[in-house]
Each structure stands twice: as C-alpha cells, then as structure tokens.
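>>> Structure, please.
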Amino acid sequence: MTVAALIEELTYLGVTLTPEGDRLRYRGPAAVITPELKERIVKQKAEIIVTLTQAGEYGPGRPSLENAARSLAVAQEIRQDLVWKRAGYEKQMAWIGRIVELLDAAIKEQNSQIKWLKG
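Numbering: from 1, shown residues only. So this is what the prediction gives:
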C-alpha cells in the first residue's frame, strides 16, 4: 500500500496524523487503531512524515490534517442532511401528486354530473 493510500485510509477512519519533527502523532477511535494498523503506521512512519510535510499541509498558515478531516466530516454531515431533506421533499411531492390526481378525478366527476343535470 502506498503512503498516500494509507494516509487516505487513516483519514477516512477518523485517525488524525500530526508530524512533529521526526515524531508522528496519531489519534483516533480506539476500535479503529488495531495492532495491525499501528504496525502499518510504524512501518511507514518516515514516509508519512515526509509526505505530510512536503505536501505543505503543516506549517505557518496551513491547515492541519485534523482540521481538514473535521471540515470533511462537517461537509459530509451537511450533505447527508440535504439528502434526507430532499428525500422528505420527494415524499411530500408524491403525496401532493396523489392529492392532485384525486382532485382531478373529483372535478371530472363533478363536471360529468353537472352535464347530466343540465341534460
């Protein structure tokens, strides 16, 4: 697995990476940070530090990977909220469509009765 793929996987899992000189700090949900995952991080520690620092992610005026992950999580929450609202709106539209159909049928029936009464 490439370093970029590992960093992407860790970010997806909610693990934050912070290079501090030749040290790499990582934080995330306890259930996610398995011994196997720790071993992968340790095995590619040097490359992860180089990748993160060369990418310009860290340093004065740069957002941290943790902030980027937090922003992504917020964006995903907003997106999901919009999807749910759209689904609710579509459900309402289906009901409105059904009501319109019933009203059309009732209007047609009333027009038929009026024509019959007028004779």
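
>>> ok, which stretches of this structure are helices?
Taking DSSP state H, the helices of the chain run over residues 3-12, 35-43, 45-54, 65-118.

>>> quick one, which of those is nearest to residue 18?
helix 65-118 (6.8 Å; Cβ to Cβ). In this view, the C-beta of every residue, glycine as well, is placed from N, C-alpha and C.

>>> how much does the closest one deviate in direction from helix 45-54?
Counting by axes from the mean of the first three to the mean of the last three Cα atoms, to 10 degrees, helix 65-118 lies at 70 degrees to helix 45-54.

>>> ok and helix 65-118 relative to helix 3-12, angle-wise?
Using the same axes, to 10 degrees: helix 65-118 against helix 3-12 is 60 degrees.

>>> Just give me how far helix 65-118 sits from the chain centre.
23 Å (Cα atoms, centre = their mean, to the nearest Å).

>>> I'd guessed residue 44 sits against residue 5; true?
No. Residue 44 is beyond contact range of residue 5, at 10.2 Å (criterion: Cβ atoms under 8 Å).

>>> The two: who's more crowded?
Neighbour count, other Cβ atoms under 10 Å: between residue 44 and residue 5, residue 44 has more, with 18 against 9.

>>> my read: residue 3 touches residue 47, true?
Yes. Counting by Cβ under 8 Å, residue 3 does reach residue 47; the two are 4.4 Å apart.

>>> Domains in the protein, by residue range?
1-62, 74-119 (automatic domain parsing).

>>> Which elements pack onto the least confident helix or strand in the chain by mean pLDDT?
Every helix and strand of the chain was ranked by mean pLDDT, DSSP states H and E. The lowest is helix 65-118, at a mean of 71. Judged by 3 or more Cβ pairs under 8 Å, 6 or more residues apart in numbering; DSSP states H and E, the packing partners of helix 65-118 are helix 3-12, strand 16-20.

>>> how much does the last one deviate in direction from helix 3-12?
Between the direction of strand 16-20 and that of helix 3-12, the angle (the same axes, to 10 degrees) works out to 120 degrees.

>>> buried set for strand 16-20?
Residues 16-19 are the ones in strand 16-20 that count as buried (16 or more other Cβ atoms under 10 Å).
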